[in-house]
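output the structure for:
(one chain, ligands or ions: 2)
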Amino acid sequence: MTTVAAVTYEHIKTCQQSGARLGRVHTPHGSFDTPAFMPVGTQATVKTMSPEELKEMNAGIILSNTYHLFLRPGHELIRRAGGLHKFMNWDRAILTDSGGFQVFSLSENRKISEEGVEFRSHLNGDKLFLSPEKAMEIQNALGSDIMMAFDECPPYPASYDYVKQSTERTSRWAERCLAAHARGRDQALFAIVQGGMHEDLRKQSAADLTSMDFPGYAIGGLSVGEPKHMMYEVLEYTTPLLPTNKPRYLMGVGSPDALIEGAIRGIDMFDCVLPTRIARNGTCMTSQGRLVIRNLKHADDFGPLDPECSCYTCRNYSRAYIRHLIKAEETFGIRLTTYHNLHFLLELMKQVRQAIMDDRLLDFRDEFFARYGLFDN
Ligand SMILES: CO[C@@H]1O[C@H](CNc2nc3cc4c(=O)[nH]c(N)nc4cc3[nH]2)[C@H]2OC(C)(C)O[C@@H]12
Ligand SMILES: [Zn+2]
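Ligands and ions are numbered 1, 2, ... in the order given. Reported below is the predicted structural model:
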């Protein structure tokens with residue numbers, strides 16, 4: 001059964017130095033250049049940012065989450081509101097994660113079976129159930145442009161047998177997602193490759209899923225606490241198994257070094273809560289590495305967070321002022337650090353794309369790490 005690919009990938013060029021690829025993803029809510037970073041808006045908002053500010057920094061796509069919106073306010077309410085785009089006043093692309101990962105990272109006493117996952121809400125303890133069919137129903141109600149298949153992200157570390165059983169079930173769940181996905185809707189369903197840190201299981205998962213002809217493929221089961229070199233090894237033998245004419249999405253990855261290394265290994269799309277999460281405790285990504293604004297040394301520093309940044313925050317406010325706001329727990333403070341961190345990563349991806357265009361992404365990586373230092377995460 002072929003799905004109507006409402007989301008298509010346009011390959012523009014391959015970096016002659018690194019093999020990274022420059023492309024564009026076209027969706028019913030606009031196109032975005034790749035490699036791309038996707039700001040995370042788990043509960044239908046990228047925390048403290050307005051849609052206008054996200055557009056100002058050229059975010060072409062944002063994430064939201066099935067698990068969270070299912071629990072609160074409920075997908076039927078959002079369906080009645082006219083879908084997630086209308087509900088949150090965002091007219092560009094939206095990708096929704098399927099809830100598989102969140103059930104395991106957030107909810108209490110889960111019971112997983114072939115049918116799906118029974119769990120208790122982390123909000124009020126209600127007994128709930130998610131399955132491939134339920135995850136499709138919820139995402140169809142949300143109306144996201146890109147929906148993710150319902151999968152299990154195996155814990156790390158996990159035994160080979162556990163990962164094997166889990167990965168085989170994720171393939172069976174992917175088939176059920178395809179069957180349950182409301183046909184004819186202009187929503188694209190992406191599959192998620194699992195297999196842990198085992199090359200044979202990754203190969204099996206990729207073979208299963210690419211035989212089902214999805215319009216895009218994510219690599220899941222990573223950024224779950226494994227050492228970064230292990231993640232890069234998995235990418236090296238997994239990405240080449242995926243079709244070259246479809247988007248490849250590495251889930252949960254967002255530190256500057258991992259974004260560059262992922263692009264070098266053929267990834268087109270990234271998401272991570274890192275920039276928005278660390279902004280809320282006053283930690284900023286800058287061209288001189290990480291800056292913790294609460295440090296006393298910034299108390300009377302009237303320069304910008306990052307002298308090399310042209311963002312709204314860096315053009316108008318000083319480190320001293322932002323430190324004052326953060327110390328005083330003034331909400332405007334985390335708005336300024338969030339704006340800067342998101343702009344920093346979106347700008348970094350723009351530089352990565354330019355380096356691919358100029359066939360010099362490996363040189364760019366070396367320059368970046370030499371100048372900015374290796375970000376610890
Ligand atoms: C560095 O940030 C912490 O690490 C998590 C990001 N790492 C991550 N790996 C993922 C894997 C999957 C997957 O296999 N399947 C599905 N459906 N979604 C996924 C979502 C994922 N996100 C963030 O998630 C928390 C909030 C736990 O901490 C953050
Ligand atoms: Zn800035």
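
in the chain, which residue is closest to the centre?
For the chain, residue 271 is the residue whose C-alpha lies nearest the centre (CA atoms, centre = their mean; 1.9 Å).

and the closest residue to residue 144 other than its chain neighbours, how many neighbours?
Setting aside the residues directly before and after it, residue 144 is nearest to residue 96 in space (CB to CB, 6 or more residues apart in numbering), at 3.9 Å. Heads up, the C-betas are built off the backbone N, CA and C, glycines and all. Residue 96 has 25 neighbours, counted by other CB atoms under 10 Å.

which residues are contacting stretch 242-253?
With contacts defined as CB atoms under 8 Å, 6 or more residues apart in numbering, stretch 242-253 is touched by 7, 9, 11, 21, 23, 25, 34, 95, 97, 101, 190, 192-193, 206, 210, 214-220, 222-224, 231, 235, 239, 259, 262, 266-272.

only whichever of those are buried, select them in PyMOL.
Those of those that count as buried under 16 or more other CB atoms under 10 Å are selected in PyMOL with:
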select buried, resi 7+9+21+23+25+34+95+97+101+190+192+193+206+210+214+215+216+217+218+219+220+222+223+224+231+235+239+259+262+266+267+268+269+270+271+272
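
so who does the residue nearest to the centre of the chain touch?
37, 38, 39, 40, 63, 95, 249, 251, 252, 253, 254.

make a PyMOL selection of the buried ones in the residues you listed.
Filtering those down to the buried ones (16+ other CB under 10 Å) takes a single PyMOL command:
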select buried, resi 37+38+39+40+63+95+249+251+252+253+254
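
in the helix or strand harbouring residue 163, which residues are buried?
Assigned by DSSP states H and E, residue 163 belongs to helix 160-180. Of all the residues in helix 160-180, those buried under the rule 16+ other CB under 10 Å are 163-164, 166-171, 173-178, 180.

state the distance from residue 340 to residue 135.
Separation of residue 340 from residue 135 (CB to CB, to the nearest Å): 34 Å.

more crowded one of the two?
residue 135 (31 against 26).

relative to ligand 1, how far out is the more buried one?
9 Å (CB to the nearest ligand atom, to the nearest Å).

using the three-state scheme, assign that residue.
helix (DSSP: H, G, I helix; E, B strand; the rest coil).

give me every residue that touches it.
Residue 135 sits in contact with 66, 98, 99, 100, 149, 150, 177, where contact means CB under 8 Å, 6+ apart.

again, but for residue 327
residue 294.

separation between it and ligand 2?
The gap separating residue 327 from ligand 2 is 20 Å, by CB to the ion, to the nearest Å.

same check, this time on residue 26
30 Å.

for that residue, report the pLDDT, please.
Residue 26 carries a pLDDT value of 97.

look up phi and psi at the closest residue in space to it that isn't next to it in sequence.
Counting by CB to CB, 6+ apart, residue 8 is the residue found nearest to residue 26 once chain neighbours are left out, at 4.9 Å. Main-chain dihedrals, residue 8, degrees, to the nearest 10: phi -130, psi 150.

so residue 8 touches residue 23, yeah?
No: with contact defined as CB atoms under 8 Å, residue 8 does not count as touching residue 23 (10.2 Å).

returning to what we had before: and the residue nearest to residue 144, what are its bridge partners?
residue 64, residue 147 (DSSP bridges).

rewinding a little: select from the contacts of residue 271 every entry located in strands.
Judged by DSSP state E, strands contain the following of the contacts of residue 271: 37, 38, 63, 95, 249.

and of the residues you listed, the nearest to residue 311?
Closest to residue 311 out of those is residue 37 (14.5 Å), distances taken as CB to CB.

sorry, back to before: from the contacts of residue 135, which shows the smallest pLDDT?
residue 100 (86).

nearest residue to it in space, please, no chain neighbours.
Closest to residue 100 by CB to CB, 6+ apart is residue 151, at 4.5 Å.
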